[in-house]
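**Student:** here is my input, please return the structure:
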Amino acid sequence: MEEAESLLTKSVRIAVEARESFWSSVKSYNRALVAASIGSYGAYLADGSEYSGNYGPDVSLEKLKDFHRRRLQVLVEAGPDLLAFETIPNKLEAQACVELLDEGNVSIPSWICFSSVDGENAASGESFEECLNIINKSRQVSAVGINCAPPHFVLSLIQRFKQSTSKAIVVYPNSGEIWDGVAKRWLPSKCFDDDKFELFATRWRDAGAALIGGCCRTTPCTIRAISKVLNNRS
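**Tutor:** Got it, this is the predicted structure:
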């Protein structure tokens with residue numbers, strides 16, 4: 001456990017050092033922010049349940065809070081600029097994250113991003129309206145959004161989120177491939193190449209997304225393409 005906590009702290013430190021090194025030599029860019037990633041309970045289980053939200057009957061709100069609590073404390077103490085709760089598949093886990101932030105009176109800005117497998121609901125099948133209702137009540141959560149979902153879902157989901165929250169919207173979809181939690185491999189599907197990410201990034205921004213990026217199976221080239229097209233039109 002001590003080694004795991006040390007590695008979490010070190011991950012934030014390395015990212016901050018890299019940012020400062022880059023920033024000291026190139027002043028023409030906006031100063032990058034370091035977000036500490038806090039993955040879902042399903043990612044820990046490594047059974048693909050981050051894409052189903054099916055944690056079983058024995059996983060309660062308190063169990064999810066216990067799972068996230070110490071990791072959140074370690075990352076907060078490490079001093080990132082942002083906290084990124086990612087690939088959250090259900091309302092219960094979103095509630096656990098919100099309650100931990102509120103109970104700890106965490107001042108670091110955070111976002112909570114959901115997964116979706118149908119382009120309409122959270123991965124669990126619960127409506128985003130239900131999920132966002134919990135998050136909207138929290139002052140500690142600054143933004144909400146979608147990550148590691150197929151990119152062709154994103155535009156309509158931004159529009160749905162805009163109707164249900166006044167918080168900033170974050171989107172960073174995967175390439176469009178589908179994760180097989182049993183075989184533990186990515187399956188081909190409707191994939192976006194970097195040209196499509198360029199095209200759709202401006203649409204996502206115009207629809208109301210404030211932060212845009214890429215998740216699994218995207219590359220540094222993808223992020224470069226998104227940054228280039230958005231900066232050219234800013």
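**Student:** extract the C-alpha trace of the lengthiest helix in the chain and format it as CSV.
**Tutor:** As assigned by DSSP state H, the longest helix anywhere in the chain is helix 2-25. Taking Å, rounded to 0.1, in the frame of the first residue of the first chain, the C-alpha atoms of helix 2-25 are listed here in CSV:
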residue,chain,number,x,y,z
GLU,A,2,2.8,2.4,0.8
GLU,A,3,4.4,1.8,-2.5
ALA,A,4,1.1,2.4,-4.3
GLU,A,5,0.6,5.7,-2.5
SER,A,6,4.2,6.7,-3.3
LEU,A,7,3.6,6.1,-7.0
LEU,A,8,0.4,8.1,-7.0
THR,A,9,2.3,11.0,-5.4
LYS,A,10,5.2,10.6,-7.8
SER,A,11,2.9,10.6,-10.8
VAL,A,12,1.6,14.0,-10.0
ARG,A,13,5.1,15.3,-9.3
ILE,A,14,6.5,14.0,-12.6
ALA,A,15,3.6,15.6,-14.5
VAL,A,16,4.1,19.0,-12.7
GLU,A,17,7.9,18.9,-13.3
ALA,A,18,7.3,18.2,-17.0
ARG,A,19,4.8,21.0,-17.3
GLU,A,20,7.2,23.5,-15.5
SER,A,21,10.1,22.4,-17.7
PHE,A,22,8.1,23.0,-20.9
TRP,A,23,6.6,26.2,-19.6
SER,A,24,10.0,27.7,-18.7
SER,A,25,11.2,27.3,-22.3
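**Student:** what packs against that helix?
**Tutor:** Contacts defined by 3 or more C-beta pairs under 8 Å, 6 or more residues apart in numbering; DSSP states H and E place helix 2-25 against strand 35-38, helix 61-78. (C-beta placed from N, C-alpha, C; glycine too.)
**Student:** got a list of contacts for the longest one?
**Tutor:** It refers to helix 61-78. 5, 8-9, 11-13, 36, 38, 41, 44, 55, 83, 92-93, 95-97, 99-101, 104, 106, 108 (C-beta atoms under 8 Å, 6 or more residues apart in numbering).
**Student:** before we move on, which element is the most centrally placed residue in the chain in?
**Tutor:** By C-alpha atoms, centre = their mean, the chain has its centre lying nearest to residue 86, at 3.4 Å. Here residue 86, judged by DSSP states H and E, is contained in strand 82-88.
**Student:** returning to what we had before: in PyMOL, select just the buried ones from the contacts of helix 61-78.
**Tutor:** Per 16 or more other C-beta atoms under 10 Å, the buried members of these correspond to this PyMOL selection:
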select buried, resi 5+8+9+11+12+36+38+41+55+83+92+93+95+96+97+99+100+101+106+108
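**Student:** my read is that residue 128 contacts residue 163, right?
**Tutor:** No: the criterion here is C-beta atoms under 8 Å, and residue 128 misses it with residue 163 at 9.6 Å.
**Student:** the two: which is more packed in?
**Tutor:** Under the criterion of other C-beta atoms under 10 Å, the comparison of residue 128 against residue 163 puts residue 128 first, with 22 against 9.
**Student:** which strands or helices does the helix or strand hosting residue 221 pack on?
**Tutor:** Here residue 221, judged by DSSP H and E, is contained in helix 220-232. Packing partners of helix 220-232 (3+ C-beta pairs under 8 Å, 6+ apart): helix 194-207.
**Student:** identify each buried residue in the helix it packs on, please.
**Tutor:** 194, 196, 197, 198, 200, 201, 204, 205, 207.
**Student:** appreciated, that's everything.
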